[in-house]
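> A structural model of the following input is requested.
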Amino acid sequence: MAAKCKHFIIQELVPPETYKELGENAWTLISDKWAVILDTLREHFGKPIIINNWHSGGTYKYRGLRPKGCGVGKETSQHYIKPLTASDFDVVGLSDKEVKAEILKNGKKFFDLGVRRMESDVDAPTWCHLDCKETGKKSIHVFKA
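Residues are numbered from 1 along each chain as shown. Got it, this is the predicted structure:
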């Protein structure tokens, strides 16, 4: 089994259909690098981070891994690639702009862990998207989808 997160349960990273099929074995669909990045984000901000919340009655279910055919975003996005190295998220109590600014302010720390891209405010106007897609750059690249 792949490494698990300290601060997240698997339901927060995969949609209900994946969890129903694989249960805890869904951890094998999450990159070890991504698990470390998510835990580091949680520890850095010191506040809860919301990715998926379907398991607790919320509406988010495709902010981590996305199954083909779910109809969310482009199927070429990092959300569809296994093992997962991308998530959309909110940090409780902070605006998306505060979260993005803090990540960029600490860009070297997160780049050294493997974060390569952050989606721009144009395409992620109320949440933060990070992923590990290589860019050839030496710092976190803010991109427009």
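> C-alpha only now, for contacts and for neighbours.
OK.
> Which strands and helices lie in contact with the longest strand seen in the chain?
Longest strand in the chain by number of residues (criterion: DSSP state E): strand 86-91. Here strand 86-91 touches strand 49-50, helix 96-105, strand 128-131, going by 3 or more C-alpha pairs under 8 Å, 6 or more residues apart in numbering; DSSP states H and E.
> Mind doing that once more with 6 Å?
strand 49-50, strand 128-131 (3 or more C-alpha pairs under 6 Å, 6 or more residues apart in numbering; DSSP states H and E).
> Restricting to C-alpha, output it in PDB.
Output of strand 86-91 as PDB, limited to C-alpha atoms (Å, rounded to 0.1, in the frame of the first residue of the first chain):
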ATOM      1  CA  ALA A  86      -2.900  17.500  -8.100                       C
ATOM      2  CA  SER A  87      -5.700  19.000  -6.000                       C
ATOM      3  CA  ASP A  88      -8.100  21.900  -5.800                       C
ATOM      4  CA  PHE A  89      -8.500  23.000  -2.200                       C
ATOM      5  CA  ASP A  90      -9.500  25.700   0.300                       C
ATOM      6  CA  VAL A  91      -7.900  26.500   3.600                       C
END
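> So in that sheet, which strands flank it, and in what orientation?
Counting by DSSP bridges, the strands paired with strand 86-91 are strand 49-50 (antiparallel), strand 128-131 (antiparallel).
> which residues touch that strand?
Ile49, Ile50, Ile51, Arg63, Gly64, Gln78, His79, Trp127, Cys128, His129, Leu130, Asp131 (C-alpha atoms under 6 Å, 6 or more residues apart in numbering).
> Any chance of those in a markdown table with pLDDT as columns?
A markdown table is the format used below for those (pLDDT from 0 to 100):
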| residue | pLDDT |
| --- | --- |
| Ile49 | 98 |
| Ile50 | 98 |
| Ile51 | 98 |
| Arg63 | 98 |
| Gly64 | 98 |
| Gln78 | 95 |
| His79 | 97 |
| Trp127 | 97 |
| Cys128 | 98 |
| His129 | 97 |
| Leu130 | 98 |
| Asp131 | 98 |
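> so where's the protein uncertain?
1-2 (pLDDT under 70).
> Longest helix of it, counting residues only.
helix 32-45 (DSSP state H).
> Right, I'll call it a day here.
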